[in-house]
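Q: 3D model of this:
(chains A and B)
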Amino acid sequence: MDGEELTEQETALYDRQIRVWGANAQRRLTKSHILVSGIKGTVAEFCKNIVLAGVGSVTLMDDSLVNEEALNANFLIPPDENAYRGKTVAEICCDSLKDFNPMVLVSVEKGDLSARSTEFFEKFDVVVIGYGSLATKKAVNEKCRKLSKRVAFYTVDCRDSCGEIFVDLQDYKYTKKKLEEKVECELNFPSFQEAVSVPWKPIPRRTAKLYFAMRVIEVFEENEGRKHGECSLLDLPTVLEIKKKLCEANSVSESLVPDSLLERLITGTIEFPPACAIVGGILAQEVIKAVSGKGEPLKNFFYYDAQDGKGVMEDISNSFTS
Amino acid sequence: MKSFHFSNLTNLRCIAYCSVLSLPPPMDQQQQQSAIQGAKVLMVGAGGIGCELLKTLALSGFHDIHIIDMDTIEVSNLNRQFLFRRSHVGQSKAKVARDAVLRFRPHINIRSYHANVKNPEFDVDFFKQFDVVLNGLDNLDARRHVNRLCLAADVPLVESGTTGFLGQVTVHVKGKTECYECQTKPTPKTYPVCTITSTPTKFVHCIVWAKELLFAKLFGDKNQDNDLNVRANKAASSSKETEDVFERADDEDIEQYGRKIYDHVFGYNIEAALSNEETWKNRRRPRPIYSKDVLPESLTQKNGSTQNCSATDGDDSTTVSAMPLLGLKNPQELWGLTQNSLVFIEALKLFFAKRKKEIGHLTFDKDDQLAVEFVTAAANIRAESFGIPLHSLFEAKGIAGNIVHAVATTNAIVAGLIVIEAIKVLKKDADKYRMTYCLEHPSRKMLLMPVEPFEPNPSCYVCSKTPLVLEINTQKSKLRDLVDKIVKAKLGMNLPLIMHGASLLYEVGDDLDDIMVANYNANLEKSLSELPSPVINGSILTVEDLQQELSCKINVKHREEFDEEKEPEGMVLSGWTQSPATNGESASTSNNESAVDVTESSSGPEIASKKRKLSETQPENHKRETENVESEDDDDLVEIENPMTVSKKKRVA
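A: Residues are numbered from 1 along each chain as shown, chains lettered A, B, ... in the order given. Okay, the predicted model is just below:
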């Protein structure tokens, strides 16, 4: 957007949300550039939300072709085979998203995310990896951390009716309103590598079990060379073996990670649309907060499970061991 | 064991959905699938929550959905009501939402109604055809109405609300849980007349004055009663004299007229009020403001651009605006007294020069730019006079227009939560019903907090038929006051019927003959004790709404005096009780104060978490940290529709 002030059109369109977060925050949003990789139901919801919020640009990466599975929970893909045949998920979603807010630049970037150089990520203020492999998440997070510019890093993964969001804002300063005053605060976020390698033993018992379960699934998919969600009930024995090994290595009881939860995650690989809306909404709120520099960000994991209905924040870092 | 390949969509979807309720055996997945597929759902509201909800329902496999909404699409909706486009502005929300969703789920059945849910066509029989009702409303009135119809039809209701980053979803099943009205919800804030006309202390009082009194007097229906010239002292000048001030002769110069009005309301009226010493003994005295002290002698000579205003005759009423003519561009900018005064005069001039035909018929509309400019300026000048902080046009518009701040994300989250509860309701999985609160800041690590619903309140007058008590002056108050302030406003009845014993005092309906109507109209003007069947201390009234199938008994107690400030309505209704543990206080979000309970609570959800969990220790005291655009002092007229009222009642087993 040109100029410093919001245009009249922007003020009229964004009136209701400006009343929530203020004009300054809105201005910062309109200048922000978001990279999104891996688009299924939850990420589709996320994209819809940030486009409506009026970010500067959204760059989509997902070269998978549209098929019946992609149609599930993704309302950005019209179910017309003539329209989507031969197109990638990113291409179709791009067209739909542009419609929601013509003021946002939505584009497609082809290729493999993990093959990109560090410089590639410098163009962005926020990077979101949906349904990424362990290796990709680690590699991209490292690259983002190498840059002198702070690039906010998020991962999101929804399976069955559960979801996990990871947040890395590195060293982050923000303003918070305490009573009548504005207070300057600072948080230090651990890297993705650190956050997923935290020893299990010192982690408080009440921590969401999904944290541990997701780590088991991550290891399984990496070991077996599977793509996200490429698993079934037949894989349960292998998964349980991995769980056993991880628990032994961490000197914790196997009851830490319920078998039933692991079974749910490997059989229910299709997303549950209401959970997509919830997790996609929370993720968008976090990105908006980070871009506007306003409001306390989530640190550093968020878990949702429709079964108990809770949406919890977990702060997991090596500080447990110190 | 059957092999489930990830490309086998239908089976996996079954498993996915069945996992929500942790039903391991395959038999139950079929049950749940058929529960969703066989469900007929009613959505009330196709706005912020409605758009998200319709989309999520469609994606989740629901395929028989009816949706009611009386509104049309506006530009300010487009930041979150994503099913709508700019080209749809002016069209029916329900219809456009339906069309948009059919585009990605063409084979589902959606029936849209562009109508008010309070219309008689949506009677108990209409509601009975649905398996669950899902509300996405933005006003208390409609919510109460739907609550009563759901109770009458015995159909479960999932309620919801959002404001900014806060949201909540609640489940209401007759006989099993509280109904929506078991806990009192604060009704919109009203202000005593004298505060508005004589002793404002907050900016919102100035807005109400500018909007309901000055704007109405100048541009609204002349036949309406108007308290603008109500004097604190009894020695008021004759009403004829004051009428002359507001009347403008056809040939009177508009600017001169504007300055005359300015001087009258901001100057002379203030001086007259000051002459009553008693009023100001313990209050800050206002200062009179006259145009000659603030503005140059003639604006037409000073500013060449005012000539342009008559040159642009082609403008239609929606684009006429004072700000550009005065070089004011930014609605968030704070104007000083001079600028506000210039806007006041300029806006007034533009009304008379460009929109003369509308004068006498106008009501304030937040989307009427010129009206917003005028009201902002007038409120600010009055605020200046009374030493109250001034506000920008943006802020003033929000207050005057009762604008609710809103974002897409909260609506999306709440929509997801609604669908999850709806599925539980369809499965009749009562143990799993939850009220879920969406918080801005985590409470005990939770951003989404589920709580078990409470049992019905045995003294709820809506679902448990408790009698109410009304304290009123039976000799002075008229039946009309009872009907308007109590039966319609407080009790939320739409088409009421009032009986005293066997005597029918009042009713509405299409089937009444002229004699009956005349009779009822006559009754309205009588004081209660003068009615054909006199209503006095100890009388019991029966009040009913046949459409809502709601019947209440009211025990009348005569009382002589009422406190003008604390009980401005001159009557007090009571009788339904909160649980003893909460001291009868209702916790609500910071922008709302109950008209009766003056306690302002600063954090709804945090208080909710303190009071509900009896067995657990108190959570840390969370300060509410929000960047409100309005100043913290302000009492908005905003009606917050999801007050998190609390009581420590028994949970559903």
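Q: what number of residues lie near residue 54?
A: Picking chain A for this. By the criterion of other Cβ atoms under 10 Å in any protein chain shown, residue A:54 has 23 neighbours. Every residue, glycine included, has its C-beta placed from N, CA and C.
Q: oops, chain B please
A: Residue B:54: 29 neighbours (other Cβ under 10 Å).
Q: C-alpha coordinates for the host helix or strand of it, PDB please?
A: Take DSSP states H and E as the rule and residue B:54 turns out to sit in helix B:48-59. Extracted in PDB, the C-alpha atoms of helix B:48-59 (Å, rounded to 0.1, in the frame of the first residue of the first chain):
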ATOM      1  CA  GLY B  48     -20.700 -12.600  11.300                       C
ATOM      2  CA  ILE B  49     -21.300 -15.900  13.000                       C
ATOM      3  CA  GLY B  50     -23.800 -17.000  10.500                       C
ATOM      4  CA  CYS B  51     -21.500 -17.000   7.500                       C
ATOM      5  CA  GLU B  52     -18.900 -19.000   9.300                       C
ATOM      6  CA  LEU B  53     -21.500 -21.400  10.700                       C
ATOM      7  CA  LEU B  54     -23.200 -22.100   7.400                       C
ATOM      8  CA  LYS B  55     -19.800 -22.900   5.800                       C
ATOM      9  CA  THR B  56     -18.700 -25.200   8.600                       C
ATOM     10  CA  LEU B  57     -22.100 -27.000   8.800                       C
ATOM     11  CA  ALA B  58     -21.900 -27.600   5.000                       C
ATOM     12  CA  LEU B  59     -18.400 -28.900   5.200                       C
END
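Q: distance between that helix and the chain's centre?
A: 23 Å (Cα atoms, centre = their mean, to the nearest Å).
Q: Who are the packing partners of that helix?
A: Here helix B:48-59 touches helix A:273-292, strand B:41-44, strand B:64-68, helix B:93-104, strand B:157-163, helix B:408-426, going by 3 or more Cβ pairs under 8 Å, 6 or more residues apart in numbering or on different chains; DSSP states H and E.
Q: Export these as TSV, with columns for mean pLDDT and mean neighbour count.
A: Converted to TSV, the helices and strands packed on helix B:48-59 look like this (pLDDT from 0 to 100; neighbours: other Cβ atoms under 10 Å in any protein chain shown):
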stretch	mean pLDDT	mean neighbour count
helix A:273-292	96	28
strand B:41-44	98	26
strand B:64-68	98	22
helix B:93-104	96	21
strand B:157-163	95	26
helix B:408-426	96	28
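Q: can you tell which of the ones you listed is closest to residue B:143?
A: strand B:157-163 (6.7 Å; Cβ to Cβ).
Q: hmm, stretch A:261-271 touching chain B?
A: Yes. Using Cβ under 8 Å from any Cβ of the partner chain, stretch A:261-271 comes into contact with chain B via A:264, A:267-271.
Q: Mean confidence (pLDDT) on the helix holding residue B:54, please.
A: Mean per-residue pLDDT for helix B:48-59: 97.
Q: can you give me how far whichever helix or strand residue B:398 is part of is from the chain middle?
A: Per DSSP H and E: residue B:398 is located in helix B:393-400. Centre-to-centre, helix B:393-400 and its host chain are 16 Å apart (Cα atoms, centre = their mean).
Q: go on, stretch A:99-108?
A: With Cα atoms, centre = their mean, you get 20 Å for stretch A:99-108.
Q: now do stretch A:263-281
A: Chain-centre distance of stretch A:263-281: 13 Å, with Cα atoms, centre = their mean.
Q: Restrict it to CA atoms and write it as PDB.
A: Below are the C-alpha coordinates for stretch A:263-281, written out as PDB (Å, rounded to 0.1, in the frame of the first residue of the first chain):
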ATOM      1  CA  GLU A 263      -4.700 -44.500  17.300                       C
ATOM      2  CA  ARG A 264      -7.000 -41.500  16.800                       C
ATOM      3  CA  LEU A 265      -4.200 -39.600  15.200                       C
ATOM      4  CA  ILE A 266      -3.200 -42.200  12.700                       C
ATOM      5  CA  THR A 267      -6.600 -43.400  11.700                       C
ATOM      6  CA  GLY A 268      -8.400 -40.000  11.700                       C
ATOM      7  CA  THR A 269      -6.100 -38.400   9.300                       C
ATOM      8  CA  ILE A 270      -8.900 -36.400   7.600                       C
ATOM      9  CA  GLU A 271      -9.500 -33.100   9.200                       C
ATOM     10  CA  PHE A 272     -12.700 -32.300  11.100                       C
ATOM     11  CA  PRO A 273     -14.100 -29.100   9.700                       C
ATOM     12  CA  PRO A 274     -15.200 -27.500  13.000                       C
ATOM     13  CA  ALA A 275     -11.600 -28.200  14.400                       C
ATOM     14  CA  CYS A 276     -10.200 -26.600  11.200                       C
ATOM     15  CA  ALA A 277     -12.200 -23.500  11.900                       C
ATOM     16  CA  ILE A 278     -11.100 -23.300  15.500                       C
ATOM     17  CA  VAL A 279      -7.400 -24.000  14.900                       C
ATOM     18  CA  GLY A 280      -7.300 -21.800  11.800                       C
ATOM     19  CA  GLY A 281      -8.900 -19.000  13.700                       C
END
